[in-house]
Every structure is written in structure tokens, then in C-alpha cells.
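S.K.: sequence? don't have it. structure:
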Ligand SMILES: Nc1ncnc2c1ncn2[C@@H]1O[C@H](COP(=O)(O)OP(=O)(O)OP(=O)(O)O)[C@@H](O)[C@H]1O
Ligand SMILES: Cc1ncsc1CCO
Ligand SMILES: [Mg+2]
């Protein structure tokens, strides 16, 4: 892909760092601190807030919203709906992370309610995409499962179908990431297997996607490319961290440093991306 365009991952990353978008997160108990740290490392500004009484005020000052259903409670579902309603009403980008949607009917109920407010992006692993697209995937928890070629092909088709039905971008992550708006598809190469051995990497990524969406609104708005840019940065930092990490423990600090030091101008992020039309 052409690295010089204003939609290239490098220029979107520069834009993010120049604008330090405030991202409102309603995320799970596991992911809160890693998500805030990841947003800070890449150059965005995190805010975690889930009390219904403050959602409208927080929404008014935020540039984007990230909602993650990882550790639900009924009062959180109400807060999530209110936040999604505000974002939808105010035309602000928001990302839905349907953690473990196949695992319980409460998660399915919450996602159905939230989809009414039209997320800009659904960021999920293959298992969650299959469940959301209506292809069964019960029995899996929050992890993604089979990542063989056949499974990837089937999940990619489900991602395209989901993007079309929900009229949004779907970012399906795993060994290979696939980003689609139902018409176009961008595959993202890179990352490292250790990313699957650290909890909340995907949760934090969903919020990084929200930050890129906010940054892209400051320039040329294209949800597909902004989402792919977020994933390219993650893939790059993951690969760098994985080169010297000995395991999940040493991977995390290396990953944070790699995000922080990622040079938007000299790193060939765009070469990780392949754009095709969906047939
Ligand atoms: N085997 C792998 N090889 C390369 N990158 C990977 C691999 N597994 C995961 N990743 C990367 O890790 C990041 C998180 O994706 P993943 O699909 O694991 O999210 P997730 O299952 O939602 O995680 P969680 O729910 O634990 O936060 C993505 O950037 C993805 O590309
Ligand atoms: C492990 C786990 N359980 C609920 S949310 C979460 C973080 C990864 O999605
Ligand atoms: Mg997840």
C-alpha cells in the first residue's frame, strides 16, 4: 500500500501523537491497567469510567469510545448502552470488543443491545467473530481457538458477513489479522505468538483502534484504514518485542517500549498491509 498517503499507518500514527485523543474506556477488570498503559505508550490519553451518573459528561469530552464486555454486570451494561448512545448521537467513533460472546447469554444480550448504537468497529478474535456472525462457537472462553488456514478462511468470510450486516468495520485478530468493511479487506501480517500468551492484548488493541479512529477524524476519515493502522503498529511492536523476549513476562515491557519508540516515519508499517476487494 502507498505509504505516503494521509491514510498510511505512519501518518495516522503521527496524527495520533500530535492530537493525543482522549479515549473513554468501559473495559473489563482484567484489562483496565494494561489498556491505560498501552494507550499512553502509543501516545493517546486514556480515561476509564463506568458509573452511569458520569457517562454523559465523560462522553462530551472524549474523542472516541471503547466498550469491552469482558467482565459484565447489569449496571455496567446500562452504562455501556448510555455511552454507546451518546457516541452514536454525537457522531463519535466507538469500538465494540465482544469478549467471550459465545460463553454466556448475558454477553449475547449485552452485545445485541449495544449493536443498536452502530459501532464504528467490532474488534474481536476469530471465535468471537464466528459467534457474532451467528455461526456457533459456544464452549470457548475468551481465547480464539483454531488458527489453521481453513479456520482462518471460514472466519474471514464470517467477518465480511458481519461487517455487511452491521454496516461497520470488523477487525478480526489472531495469527493473521483481517480488517474488512464488507467490500474491502486488509490483511495485517506480523506480531508474535507470545501476544496470545498475555491477557488483555486484544482488549488494549480495541482501545488503540478507538484512538486511531479519533486521530483519523482529525484528517481524512476512513475507518478501514485507521483500524488497519492500529493493527500494523501492534504487529510491528509485537514482532520487535518477541525478538528478545524469553516468555510472556519479559514480552510485556518490551512490547510497551516498542510501541512507545515506534518511529512512524522510518518504519515500513504499510508493507504489513495488503488491501484487496472482497468478492
Ligand atoms: N499467534 C499469533 N501471532 C502473531 N500475532 C498474534 C498471535 N496471536 C495474537 N496475535 C496478536 O495479538 C493481538 C491480540 O489479538 P488476539 O486475537 O489474541 O486478541 P484477543 O483474543 O481478543 O485477546 P484478549 O481477549 O486476551 O485481550 C493482535 O494484535 C494479534 O494480531
Ligand atoms: C481473561 C478474561 N476474562 C474476562 S475478560 C478477560 C481478559 C481477556 O479478554
Ligand atoms: Mg478479546
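M.R.: On my side now, so go ahead. Computed from a predicted model, the values in this text were never measured in an experiment. Ligands and ions are numbered 1, 2, ... in the order given.

S.K.: how about low-confidence regions in this protein?
M.R.: Filtered on pLDDT under 70, the chain yields the residue ranges 1-4, 136-147.

S.K.: so which residues on it come close to ligand 1?
M.R.: 99, 125, 142-144, 173-175, 177, 191-193, 195-196, 199-203, 205, 231, 234-235, 238 (CB under 6 Å from any ligand atom). Glycine gets a C-beta too; all of them are placed from N, C-alpha and C.

S.K.: ok, residues contacting the helix or strand containing residue 11?
M.R.: If you go by DSSP states H and E, residue 11 is part of helix 9-19. Contacting residues not belonging to helix 9-19 are listed as 3, 5-6, 42-44, 63, 211-212, 214-216, 218-219, 225-226, 228-229, 232-233, 262, 264-265, 267, 269-270, 272-273 [CB atoms under 8 Å, 6 or more residues apart in numbering].

S.K.: tell me where the stretch 51-200 of the chain has strands.
M.R.: 64-68, 94-97, 121-125, 169-173, 177-180, 184-188 (DSSP state E, counting those that start in this stretch).

S.K.: near ligand 3, anything from the second one?
M.R.: No. Strand 94-97 stays clear of ligand 3 (CB under 5 Å from the ion), getting no nearer than 5.9 Å.

S.K.: pull the number of nearby residues for the residue lying closest to residue 247 once chain neighbours are set aside.
M.R.: Nearest residue to residue 247 in three dimensions, chain neighbours excluded: residue 194, at 7.2 Å (CB to CB, 6 or more residues apart in numbering). By the criterion of other CB atoms under 10 Å, residue 194 has 21 neighbours.

S.K.: hang on, residue 194 packs against residue 244?
M.R.: No. If you go by CB atoms under 8 Å, residue 194 and residue 244 don't touch, sitting 11.0 Å apart.

S.K.: so how do I select the buried members of the contacts of helix 9-19 in ChimeraX?
M.R.: The buried residues among the contacts of helix 9-19 can be selected in ChimeraX (16 or more other CB atoms under 10 Å) with this line:
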select :42,43,44,63,211,212,214,215,216,225,226,228,229,232,233,262,264,267,269,270,272,273
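
S.K.: the contacts of helix 9-19 in strands, which ones?
M.R.: Secondary structure from DSSP state E places residue 273 of these in strands.

S.K.: can you pull out the helices in the stretch 1-150 of the chain?
M.R.: Assigned by DSSP state H, counting those that start in this stretch, the helices in the stretch 1-150 of the chain fall at 9-19, 32-42, 52-61, 74-90, 105-115, 126-132, 149-166.

S.K.: deepest in the core, which of those is it.
M.R.: Greatest average neighbour count among the helices of the stretch 1-150 of the chain goes to helix 126-132 (a mean of 27), per mean count of other CB atoms under 10 Å.
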